[in-house]
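In: Got a sequence here, can you build the structure:
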Amino acid sequence: MPGYTPEEIRLHFGYTAEEIREHREAWLRDLESGEYSQGKGALVVTGEDDSKSYCCMGVGCETAIKGGLELLRTGEVINLDGGPQRTITYYNGMDAVFPVEVRRWLGFLDSNPTVDGHALSEWNDGFYTNPGGISFLEIAAKLRREWNIPQEETPE
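Out: Sure thing, here's the model as predicted:
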């Protein structure tokens, strides 16, 4: 984390730079794993058939939980315009951006951090010049470049 001393990083985020790098690497592995179905508009949406779709930040919340961070998961059932019933998952009260605890766990200053000129929610959900968004693999590649974390070699 350029511009910060190790003490400043630990004081601001509650984790060392090394721990934050490990957390980020775990999140990148989860984004690249194929384990999570990509969705839009909320951190996690559960359909009537119990299928789940995740925003890239929702995957980050799940990674943090797997990494030992305690987050309260709650859900709200919604039915927009008479469409199918869905459940939106909240993590510590947040449904569209990182809760503070995850933001700090990953070493971000913002709950919807900017990477390569756009907020993560824009890369995931789409924006005016890229209305469809980009895949988890493409988001992970942008994050790897931003953080200078090389792709892990897969054993043959």
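
In: for this structure, which spans come out with low pLDDT?
Out: Under the criterion pLDDT under 70, the flagged ranges of the chain are 1-2, 153-156.

In: Which residue would you name as the spatial centre of it?
Out: residue 57 (2.0 Å; Cα atoms, centre = their mean).

In: Are we agreed that that one is in a helix?
Out: Yes: the assignment for residue 57, made by DSSP: H, G, I helix; E, B strand; the rest coil, places it in a helix.

In: can you pull the contacts of it?
Out: 43, 97-98, 102, 112, 120-121, 124 (Cβ atoms under 8 Å, 6 or more residues apart in numbering). All C-beta atoms are positioned from the backbone trio N, CA, C, and that covers glycine.

In: next one: residue 10
Out: Contacts of residue 10 (Cβ under 8 Å, 6+ apart): residue 16.

In: what comes up buried for the host helix or strand of it?
Out: Using DSSP states H and E, residue 10 sits in helix 6-13. Within helix 6-13, the residues that qualify as buried are 9, 13, counting by 16 or more other Cβ atoms under 10 Å.

In: Any idea how far that helix is from the middle of the chain?
Out: 22 Å (Cα atoms, centre = their mean, to the nearest Å).

In: Let me see the contact set for residue 37.
Out: Counted by Cβ under 8 Å, 6+ apart, residue 37 has contacts 51-54.

In: Where does the closest residue to residue 121 other than its chain neighbours fall, secondary structure wise?
Out: For residue 121, ignoring the flanking residues on the chain, the nearest one in space by Cβ to Cβ, 6 or more residues apart in numbering is residue 112 at 5.3 Å. Using DSSP H and E, no element contains residue 112; it sits outside every helix and strand.

In: residues in contact with residue 112?
Out: So residue 112 contacts 57, 96-98, 119-121 (Cβ under 8 Å, 6+ apart).

In: ok, now residue 67?
Out: Here residue 67 is in contact with 23, 26, 105 (Cβ under 8 Å, 6+ apart).

In: roughly how far apart are it and residue 24?
Out: 11 Å (Cβ to Cβ, to the nearest Å).

In: about what we covered before: export the helix holding residue 10 as PDB, just CAs?
Out: Output of helix 6-13 as PDB, limited to C-alpha atoms (Å, rounded to 0.1, in the frame of the first residue of the first chain):
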ATOM      1  CA  PRO A   6       3.400  -0.300   8.200                       C
ATOM      2  CA  GLU A   7       2.200   1.400  11.400                       C
ATOM      3  CA  GLU A   8      -0.300   3.600   9.500                       C
ATOM      4  CA  ILE A   9      -1.700   0.600   7.600                       C
ATOM      5  CA  ARG A  10      -2.200  -1.400  10.800                       C
ATOM      6  CA  LEU A  11      -3.800   1.500  12.600                       C
ATOM      7  CA  HIS A  12      -6.100   2.500   9.700                       C
ATOM      8  CA  PHE A  13      -7.200  -1.000   8.600                       C
END
